[in-house]
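Asker: Fold the stuff below for me.
(one chain, ligands or ions: 1)
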Amino acid sequence: SAKGPVVISTWNHGLMANDEAWKVLEKKGNALDAAEKGVMIVENDPENQTVGIGGFPDRDGIVTLDACVMSKDGCGAVAFLQDIKNPVAVARKVMEETPHVMIVGEGAKQFALAQGFKPENLLTEKTAKDYKEWLKTSEYKPVINIENHDTIGLLAMDHNGDISGACTTSGAAWKMHGRVGDSPIIGAGLFVDNEIGGACATGLGETVIRSAGSAMVVELMRHGYEPAEACKEVLKRIVKNEKDIANIQVGFLALRKDGTYGAYSIHKGFTYAVKTLELSKLLDSPAVNS
Ligand code: SD4
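Answerer: Below is the predicted model:
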């Protein structure tokens, strides 16, 4: 359990996201700003091929992005968004400026443009090259723990003890055009109940959607589970229900209202970053199948 603010986020890129989120929190900023700013730094990194600009495209060579935010004030999401590099910021606008929770595709892009976001080409040279390479085989087979980064999910608790979360991704590389994963789906890729805590997910989105993953983790914490135990319990259900577990990685993070936090994954190799007043580091998640 931590005193004061806490930030926890997925994979190695979580370290830079946490540092950015911390800049907001140390100035007594709120958890929603921290979560949004934290993951945006990863969206903006063109070298990162699983989030934002530079993300792997779908099998038609088109980069489509998914993201959501959730706080004590509600939630917002965008999916299948093209040409806008900060889907998390658009998701926040959906929450704050519309009567809706989720806007997708061309509608989401038009909304983003109307909100002042600038259109840009999200397919970098490097990623375009990788796509050409991929076309030679055109095989869809998600690889687990790919390069130690995937979706970024981040949970933040501010000085008031309020919790917010954000989740953003370019989705599964070489997905079908129009495919949406768990990351922008409230209750799957992210869920926050400010009375209890928050959870977020990374890994194969279809699996996380089928298990209502993040909502389940929060619900188990409501019933007394420790954060890591709550993550583990949902993963045990997934391991029982899914057929091809050897090729499916899912990781959950959880942050409870008392400042305790934890993580769990199906397989080894899932890393997560934690930042509190006392520590800032990358940790290896425990795994169900270790
Ligand atoms: C998704 N959770 O869209 C995200 C990231 C991913 O293989 O590509 N996983 O499913």
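Asker: which parts of the stretch 151-290 of the chain sit against the ligand?
Answerer: 151, 169, 171-172, 181-183, 202-205 (C-beta under 6 Å from any ligand atom). The way it works is simple: take the backbone N, C-alpha and C, and place the C-beta from them, glycine included.
Asker: For the stretch 1-150 of the chain, what lies in contact range of the ligand?
Answerer: Checking the stretch 1-150 of the chain against the ligand by C-beta under 6 Å from any ligand atom, the hits are 142, 150.
Asker: ok so, going back, in strands, which of the residues of the stretch 151-290 of the chain next to the ligand appear?
Answerer: 169, 202-203 (DSSP state E).
Asker: Scan those and report the most crowded one.
Answerer: With neighbours defined as other C-beta atoms under 10 Å, the most crowded of these is T202; it has 31 neighbours.
Asker: which one of the ones in strands among the residues of the stretch 151-290 of the chain next to the ligand is nearest V78?
Answerer: T169 (11.5 Å; C-beta to C-beta).
Asker: Next, find the distance separating I8 from K72.
Answerer: Shown here: I8 relative to K72, a distance of 18 Å by C-beta to C-beta, to the nearest Å.
Asker: Please say which of these two ends up with more neighbours.
Answerer: I8 (30 against 15).
Asker: can you confirm that one is in a strand?
Answerer: Yes - with DSSP: H, G, I helix; E, B strand; the rest coil as the criterion, I8 is part of a strand.
Asker: wait, it sits on L255?
Answerer: Yes - with contact defined as C-beta atoms under 8 Å, I8 reaches L255; the gap is 5.6 Å.
Asker: shared neighbours of those two, anything?
Answerer: Counting by C-beta atoms under 8 Å, 6 or more residues apart in numbering, the contacts common to I8 and L255 are 155, 261.
Asker: ok, which stretches of the stretch 151-290 of the chain are strands?
Answerer: All strands of the stretch 151-290 of the chain, identified by DSSP state E, counting those that start in this stretch, fall at 152-157, 163-169, 190-193, 197-203, 250-256, 261-265, 271-275, 280-284.
Asker: what's the third one packed up against?
Answerer: Right, strand 190-193. strand 65-71, strand 163-169, strand 197-203, helix 213-222 (3 or more C-beta pairs under 8 Å, 6 or more residues apart in numbering; DSSP states H and E).
Asker: Same list as before, these that is, but in a markdown table and with mean pLDDT included.
Answerer: Below are these laid out as a markdown table (pLDDT from 0 to 100):
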| stretch | mean pLDDT |
| --- | --- |
| strand 65-71 | 98 |
| strand 163-169 | 98 |
| strand 197-203 | 98 |
| helix 213-222 | 98 |
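Asker: most distant residue from the middle of this protein?
Answerer: In terms of distance from the mean C-alpha position of the chain, K136 ranks first, at 30.0 Å (C-alpha atoms, centre = their mean).
Asker: Dump the longest helix anywhere in the chain to PDB, keeping only the CA atoms.
Answerer: In the chain, with assignment by DSSP state H, the single longest helix is helix 227-241. What follows is helix 227-241 as a C-alpha-only set of coordinates in PDB (Å, rounded to 0.1, in the frame of the first residue of the first chain):
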ATOM      1  CA  PRO A 227      -5.500  -6.400  -6.300                       C
ATOM      2  CA  ALA A 228      -3.200  -9.200  -7.500                       C
ATOM      3  CA  GLU A 229      -5.500 -11.900  -6.300                       C
ATOM      4  CA  ALA A 230      -8.400 -10.300  -8.200                       C
ATOM      5  CA  CYS A 231      -6.300 -10.300 -11.400                       C
ATOM      6  CA  LYS A 232      -5.300 -13.900 -10.900                       C
ATOM      7  CA  GLU A 233      -8.800 -15.100 -10.300                       C
ATOM      8  CA  VAL A 234     -10.000 -13.600 -13.600                       C
ATOM      9  CA  LEU A 235      -7.000 -15.100 -15.400                       C
ATOM     10  CA  LYS A 236      -7.800 -18.500 -13.900                       C
ATOM     11  CA  ARG A 237     -11.200 -18.300 -15.500                       C
ATOM     12  CA  ILE A 238      -9.700 -17.400 -18.800                       C
ATOM     13  CA  VAL A 239      -7.200 -20.300 -18.700                       C
ATOM     14  CA  LYS A 240     -10.100 -22.600 -18.000                       C
ATOM     15  CA  ASN A 241     -12.300 -21.200 -20.800                       C
END
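Asker: which helices and strands sit right next to that helix?
Answerer: strand 197-203, helix 205-210, helix 213-222, strand 250-256, strand 261-265.
Asker: what helices or strands is the longest one leaning on?
Answerer: Applying 3+ C-beta pairs under 8 Å, 6+ apart, one finds that helix 213-222 contacts strand 190-193, strand 197-203, helix 227-241, strand 250-256.
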